[in-house]
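> Need the 3D shape of this:
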Amino acid sequence: MLLRTFLCAGALCLFMPVIHSEDLHSEDFKAIEYGQAGKVALRLDAHIPDGRGPFAAAIVVHGGAWVAGDRINSVRPLLDPLSDAGIAWFSISYRLAADVARNPIGAAMQMGTAESDVRRAVAYVKEHASEYRVNPNKIVLIGESAGGQLAAMAALRPDADGAVQGVVAFYTPSDLATLVRTSSFIPDNVRDAVKGTMFDSILMAGLTEFSPINAVSAASPPFLLIHGTDDNVVPFAQSERFCDKLRESNVGCEIYPVKGGAHGIRSWEYAKLTDYKRPMVRWIEKVLAKP
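Okay, here's the model as predicted:
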């Protein structure tokens, strides 16, 4: 509702509008720069709900095997449920790695730069919380596939003021070393070329360092792991083992299995495997409702 007040000087009175919280409309932001990495501008898109807030917020990290992906198209199925629930969202781009098959060691080493970008996005949202009408103490990270690994690592190894209250991780490669040893998507000739060499040790050390399952502590935030049971890229067992590790550290963890789901939320849309959306929102609301 828009009310009017009067500002008077002598016989002259001016009408002054009073803006109430219900008059603050939703806002969409495109290609906002949230940081710089050398000459690379790190950008995000955002949606802020109607009202004064402060709103809970989700920072969304797309997948794409660390080498590809898009901050809108790759994660589009997640954005409307967040908007409909009145949750502000910030979907980010980050520095992509080298081709994993052509340069596995270089790709493994570059995971750390992307992880840093996610932490930078968390810092940006917190620093600009009042501008975006969000609560800096009610933030979750959401990531799918490679983005799930990056979101998990940013939450498990946060900056000093970068803690988040929860993580939703979709079909996340949580044990990279095991995945590289067993994945059919990495050519045998690549594995054979480095097996038993110094490069093999360097690669495995890097993959171990960037594996969420090895970064869990009692201080970790709670996780919701959503994973298709028929995933042939990242086996469902990766989420099961990761959840076990979290629970062993007395950290909250839930698994939502998508029955018959392959790898990718966009494929779930085509297969009409979308029942995960409401439980995802309920879990976020429950986690962020805690003081």
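> Could you list which residues are in contact with D159?
Going by CB atoms under 8 Å, 6 or more residues apart in numbering, D159 touches R119, V122, A123. All C-beta atoms are positioned from the backbone trio N, CA, C, and that covers glycine.
> Please identify which of those residues is nearest to V281.
V122 (20.5 Å; CB to CB).
> wait, what's in contact with R241?
Counting by CB under 8 Å, 6+ apart, R241 has contacts S174, D175, I213.
> Nearest to P257 among those residues?
S174 (15.4 Å).
> how many other residues sit next to the residue lying closest to that closest one once chain neighbours are set aside?
Using CB to CB, 6 or more residues apart in numbering and skipping residues adjacent in sequence, the residue nearest S174 is F242, 3.8 Å away. Number of residues near F242 (other CB atoms under 10 Å) recorded here: 26.
> which element is F242 on?
helix 236-248 (DSSP states H and E).
> I'd guessed A88 sits against G51; true?
No. Using CB atoms under 8 Å, A88 is not in contact with G51; the gap is 10.5 Å.
> More neighbours: which of the two?
A88 (27 against 16).
> ok but P173 is inside a strand, no?
No. Under DSSP: H, G, I helix; E, B strand; the rest coil, P173 sits outside any strand and is assigned coil.
> quick one, what contacts it?
S145, A146, G148, Q149, L179, S211, V234, Q238.
> and which of the residues you listed is nearest Y270?
Out of the contacts of P173, the member with the shortest distance to Y270 (by CB to CB) is S145, at 16.7 Å.
> Isn't the closest one up against T172?
Yes. Applying CB under 8 Å, one finds S145 in contact with T172, separated by 7.0 Å.
> Next, show the common contact partners of those two.
Common neighbours of S145 and T172 (CB under 8 Å, 6+ apart) are V234.
> Specify which residue of the two has the higher count of neighbours.
Using other CB under 10 Å, the more surrounded residue of S145 and T172 is T172, with 29 against 26.
> wait, doesn't that one sit right on Q149?
Yes. The criterion here is CB under 8 Å, and T172 meets it with Q149 at 5.5 Å.
> Would you mind listing the residues touching both of the two?
G143, P212.
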